[in-house]
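In: Can you look at this prediction? I've put the sequence above it.
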Amino acid sequence: MRSGLLSRVVAFACRTHHSSLIVAAIAAGIPTPHIMGQEVTPQLGAEQEFRSTGSGRVQFYSRSGQETQNGGEKPIAEASSEKPQPYERTSQEAAVKNYYVELFGSQSQPKSGVVQTIPTSVSSGEAPIANAGYQVPMDDQQESSNIAPASHQETKTSELPAWARGMKSQSTAPEQAPATAEITPVSAQKPAPMLIINDVPTEESAPQSEPTAPVAAQVNRTPVVNFDSVEAGPQTPSVKIEWKSLQDINVGQECQCELVVSNVGESDAYGVSVEANFPLTARLLKTSPQPESATDSLVWNLGTMKADSVQTIKLSFIPSERGNLAATAHVHFTGATQSAFVVREPLLGLDMQGPDRVMVGEPASHSVSISNPGNGIAKNVQLEALIPAGLEHTRGERLIMNVGSLNPGETRTIRLALAAVAGGHHTVDVAATADGGLVKSASSSIEVIAPSLLAEIDGPGLRYKGRSATYTVKVKNDGTVATSNVRLMHKVPNGFKFVSASRGATYDEPTRILSWFVGRLDAGKSAEMSIELNAEEIGEFVHYIRATSEHGSTSDQQLLTRVEGTSALMLEITDLDDPVEMGRETAYEIKVTNEGSAAARNVGLTCELPEGVQFLKAEGPSNHVTEGNLVMFKPLEGVGAGKTVKYRVHVVGNVDGNLRFRARMTSAASEEPLTFEELTRFYGDQR
């Protein structure tokens, strides 16, 4: 009841020129109307004009919607002239009475000091009174806001008078300090002020009532857009935004307006968001629906708006000044469309067909089929084929063919004209490529049947010079099929001389090639021929043979024969005088001849004199020594083929009769010495 009575008293004081009641109401902590702390002097009989010469009006609101207490001594407005004008501020001091103590006593509030007169003039050099900001209390205490006096601004003022300190001690309890709102001069404020929506305190509300929460807290302004239901085809959303006033808008009265958002386009608008701004001369009370953000501006995220749909935002506010109230709003939205694009996929298919088994010399052609089993066009199709060595193509071993483009389901066939040229197992590899990294490969194996010839040669591996040698050559068909036009050739090496050959062989002297025409050989059959040669030179010689047949089947073989020479030593003893008179000198001549084809190595000679024959001297190609009746010559390192060495041994006979002179010859080629003898007749005088 007390709060209701005080509210009516304050309202009455605001409608009269008794501004002292306003000061008393502020000191008592009672919410006051918008015109505070002013001496308003009406001019009777003239038109009542509501205006103020001040550039700023101090309005303080907490986030709960309660007006804060005025506890400063900052002058409110400056008088424009000496003579009071209608509804102008004046510097006349008015008697101030403490209505709080008079009406209620000091029941619950601390005693305040003497209430002083509020000066109404602004001293020179001070900034105009600025608009107050808002500050949210940071603790869990009951939210309240205090008016920060002008002395707390950046401009320097005098200290608080005693009456202001008394009011401050009454309004602020030590255990619950209010959150002080910081005042910023108008010249330093930002163009976009912070807006907080609050509920308007009614006349019946108590000054200490619980603060109401803001309409909406700050949230993310980015709307979540869901494109699941986007339609196909061209989309032309168009969103119209319009302010509508539902009634007359008067100063100090609650007014309603609507912000109408319409989608006048032909398609849905996605992510629709509306942002509105109000000037500080309007105090917002509530909105429907509540905004997602209410810091620098009001933001509503309306989501998706269908075509021809309308959404209305209702707002309630109280203006504090007359004139144009510039409320702005802008809308954001997104148009979306979808289209079902057909994604096609070209593919490659590759298949190769050909014979599994062919005879050598026969065609072995293959057909390659390239297809597109996909639903897109395969472009720049190429085919590459690798031909093995056993097959032959006229264009070489690597073939590249441009196929072009293949439509979906199209198949093209390419023929590879191949011929089998060699027997065995062979594999043909092909690969197809196209744009987009398409690759497909295939292979085909083929067995080429061909006769297999085997050539053989048999003969001595060592022959001595001048000796003959017999060789046997043979050709065999060890394949599975018969073959024709079989030929066999033998090249006679230079160290041998052709003597004869069997089965009608022909010999070409310039090329030294001996050849036979065998003809047809069935599978598993063979043909054998013999050759007689004479070794003429010492050394190592290779006999080459080759067997050939039709379709290029060949077989080569070779044999190495080493030809060496032999030493054939012949020893001849000749007595120079025969018969020989006793006591007369005579000599034996020994000749060693190598009639072989190789040098004789380590040739030694030893002569044995008979009894009754005396050694005189010896001559020869090497030194000699004597021991008893033996004359030994130092062995010779070698006696070349066809060479002859001579020795002479001089003796004198002392015994009458036939005496035998012996010579023993040794060499590296003979383990046993060869002994030769010569019989000589020694005679004496017959008496």
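Out: Perfect, thanks for sending it.
In: List the residues that contact the closest residue to Asp656 other than its chain neighbours.
Out: Sequence neighbours aside, Gly684 is the residue nearest to Asp656 in space, at 4.7 Å (criterion: CB to CB, 6 or more residues apart in numbering). Using the backbone N, CA and C atoms, a C-beta is placed for each residue, glycine as well. Residues in contact with Gly684 (CB atoms under 8 Å, 6 or more residues apart in numbering) are Glu581, Met582, Gly583, Asp656.
In: and what of Ser484?
Out: Here Ser484 is in contact with Gly519, Arg520, Leu521, Ser549, Glu550 (CB under 8 Å, 6+ apart).
In: Stretch 528-546 - what's its average pLDDT?
Out: Averaged over stretch 528-546, pLDDT sits at 92.
In: before we move on, the earlier item: from the contacts of Gly684, which ones fall inside strands?
Out: Members of those lying in strands (criterion: DSSP state E): Glu581.
In: Take the contacts of Gly684 and lay them out in TSV including distance to Leu454.
Out: Converted to TSV, the contacts of Gly684 look like this (distance: CB to CB, whole Å):
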residue	distance to Leu454
Glu581	80
Met582	80
Gly583	82
Asp656	79
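In: Which members of the contacts of Ser484 occur in strands, if any?
Out: Short answer: those in strands (DSSP E) are Gly519, Arg520, Leu521.
In: The longest strand anywhere in the chain pairs with which strands?
Out: Counting residues, the longest strand found in the chain (DSSP E) is strand 670-683. Applying DSSP bridges, strand 670-683 is found paired with strand 580-581 (parallel), strand 657-667 (antiparallel).
In: Can you lay out these as TSV showing distance to Gly604?
Out: Formatted as TSV, the strands paired with strand 670-683 follow (distance: least, CB to CB, whole Å):
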stretch	distance to Gly604
strand 580-581	28
strand 657-667	4
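In: Can you list the strands that the helix or strand where Arg487 lies pairs with?
Out: Per DSSP states H and E: Arg487 is located in strand 483-491. Partners of strand 483-491 in the sheet, by DSSP bridges, are strand 513-521 (antiparallel), strand 539-548 (antiparallel).
In: count of residues packed around the spatially closest residue to Leu347 that is not a sequence neighbour?
Out: Excluding the flanking residues, the one nearest Leu347 by CB to CB, 6+ apart is Gly374, at 3.4 Å. The criterion is other CB atoms under 10 Å. On that basis, Gly374 has 17 neighbouring residues.
In: wouldn't Gly374 be in contact with Asn407 here?
Out: No: applying CB atoms under 8 Å as the test, Gly374 and Asn407 come out as separate, 10.1 Å apart.
In: Count the residues that sit near Ala505.
Out: 19.
In: What of Gly583?
Out: 11.
In: show me what contacts it?
Out: Val652, Gly653, Asn654, Gly684.
In: could I get these as TSV with secondary structure and pLDDT?
Out: Output for the contacts of Gly583, formatted as TSV (DSSP: H, G, I helix; E, B strand; the rest coil; pLDDT from 0 to 100):
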residue	secondary structure	pLDDT
Val652	strand	90
Gly653	strand	87
Asn654	coil	87
Gly684	coil	79
